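Student: Next come a sequence and a model predicted from it.
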Amino acid sequence: MLSEKQLKANQANAKKSTGPKSADGKKRSSLNAVRHGLTGQVVVLPTEDMEAFKQFTTTIVDSFNTADAAERQLAQSYADLQWRINRATSVESTMFTLGIMEETAENLTIEHAEAHNAVSNAKTFRNQSQEFDRIGIYTQRLINSAEKVLKQLKQLQAERKERQEKEMADASLLYQYHRARSESFDPRQNGFDLTTAQVKAHVHLLTLRTPKPITFTATDCGTGHRFV
C-alpha cells in the first residue's frame with residue numbers, strides 16, 4: 001500500500017506531466033513499426049530498442065540455417081519469444097528499481113545504501129506480490145511456447161535432412177551406374193533437386209571414406225598366392 005505522502009506526490013507529478021519535452025525524451029517515447037517480411041506481423045517497439053531487437057532476433061534466426069519459409073517462420077517465432085522472455089525479466093527488475101525511486105523504504109532509518117536497497121526490494125516484492133506472480137506466470141508461458149516452437153523446428157529440420165540424405169543416396173547410385181556405362185547423368189533431369197557437382201562431391205567423399213582392401217603378394221607373405 002502507498003503511504004498518504006507517496007499518493008499525494010504521485011498525484012502532483014501526474015498533474016505536472018505533459019509528456020517528454022527534450023529531444024531525447026521524445027525519442028524514447030516515440031514508436032517505430034517494423035513489419036516482418038515473412039509473416040507480415042507488425043512489431044511495435046520503442047525506437048531505441050529497434051536495432052537491439054533486430055540484431056537479437058536475426059542472430060538467432062541465422063543460427064538455425066533455415067532452408068525454407070516454414071523453417072524461417074518457426075525460427076522467427078522462437079526468436080521473438082526469446083526477446084519477450086528477456087523483456088519480461090527486464091520488467092521484473094525495473095519494478096524493483098521503481099520501488100527504490102518511489103522511496104518504498106523511506107520510513108525506515110537505514111543509513112547503509114545497500115541495506116536500504118535490499119529492504120526496499122523486499123517491501124516492493126511484498127507490496128506488489130500479485131504483479132510479480134503475473135510476470136512469473138507470463139514468463140513461464142513464454143518459455144513453454146518457445147520450447148514447443150523449438151521442438152517443431154528441430155523436427156522439421158530433421159525430416160528435411162532425412163529426405164535430403166535419401167535423395168543424395170539415390171542420386172549417387174544412379175550417377176555411378178551411368179558413369180560405369182560411360183553415360184552422362186543430369187540429376188535435375190532425373191527428378192533430383194541436386195546439381196551434378198553436388199552428386200560428384202558426395203560420391204568422392206564416399207570413396208574416401210570407404211576402406212580399401214589390403215593385398216599381399218608372394219613377396220609379402222612368402223607364397224605364390226595373392227590375398228585380399
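Tutor: Nice, I can see it.
Student: longest helix of this structure?
Tutor: Of all segments of type helix in the chain, defined using DSSP state H, the longest is helix 129-180.
Student: Show me the chain divided up by domain.
Tutor: Using automatic domain parsing, the domain parsing of the chain gives 23-160, 162-209.
Student: need the least confident one among those, by mean pLDDT.
Tutor: Lowest mean pLDDT of the domains of the chain: domain 23-160, a mean of 76.
Student: quick one: the strands in the protein?
Tutor: Applying DSSP state E to the chain gives strands spanning 31-35, 42-46.
Student: so residue 138 sits right up against residue 88, yeah?
Tutor: Yes. Contact criterion Cβ atoms under 8 Å: residue 138 and residue 88 qualify, at 5.8 Å. In short, each C-beta sits where N, CA and C put it, glycine included.
Student: So for these two, which sits in the more crowded spot?
Tutor: Using other Cβ atoms under 10 Å, the more surrounded residue of residue 138 and residue 88 is residue 88, with 19 against 15.
Student: Would you mark the buried spots in stretch 54-61?
Tutor: 56-57, 60-61 (16 or more other Cβ atoms under 10 Å).
Student: Most widely separated two among those residues?
Tutor: 56 and 61 (9.9 Å; Cβ to Cβ).
Student: who touches both of the two?
Tutor: Shared contacts of residue 56 and residue 61 (Cβ atoms under 8 Å, 6 or more residues apart in numbering): residue 79.
Student: Give the burial count for residue 83, as a bare number.
Tutor: 19.
Student: Same question for the one 10 residues further on.
Tutor: Other residues near residue 93 number 10, with proximity taken as other Cβ under 10 Å.
Student: I'd like the distance from it to residue 135, if you could.
Tutor: From residue 93 across to residue 135, the span is 10 Å (Cβ to Cβ, to the nearest Å).
Student: Same check on residue 72?
Tutor: Distance from residue 72 to residue 135, by Cβ to Cβ: 30 Å.
Student: which residues in this protein form helices?
Tutor: Counting by DSSP H, the helices of the chain are 4-16, 23-29, 47-63, 69-101, 113-127, 129-180, 196-209, 218-221.
Student: So which of the ones you listed is nearest residue 190?
Tutor: Residue 190 lies closest to helix 129-180 among the helices of the chain, at 6.3 Å (Cβ to Cβ).
Student: picking that back up, could the helices of the chain go into TSV alongside distance to residue 189?
Tutor: Formatted as TSV, the helices of the chain follow (distance: least, Cβ to Cβ, whole Å):
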stretch	distance to residue 189
helix 4-16	74
helix 23-29	58
helix 47-63	34
helix 69-101	27
helix 113-127	69
helix 129-180	11
helix 196-209	10
helix 218-221	47
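Student: quick one, which of those helices is packed in tightest?
Tutor: helix 69-101 (a mean of 17; mean count of other Cβ atoms under 10 Å).
Student: Report all helices and strands that that helix contacts.
Tutor: With contacts taken as 3 or more Cβ pairs under 8 Å, 6 or more residues apart in numbering; DSSP states H and E, helix 69-101 sits against helix 47-63, helix 113-127, helix 129-180.
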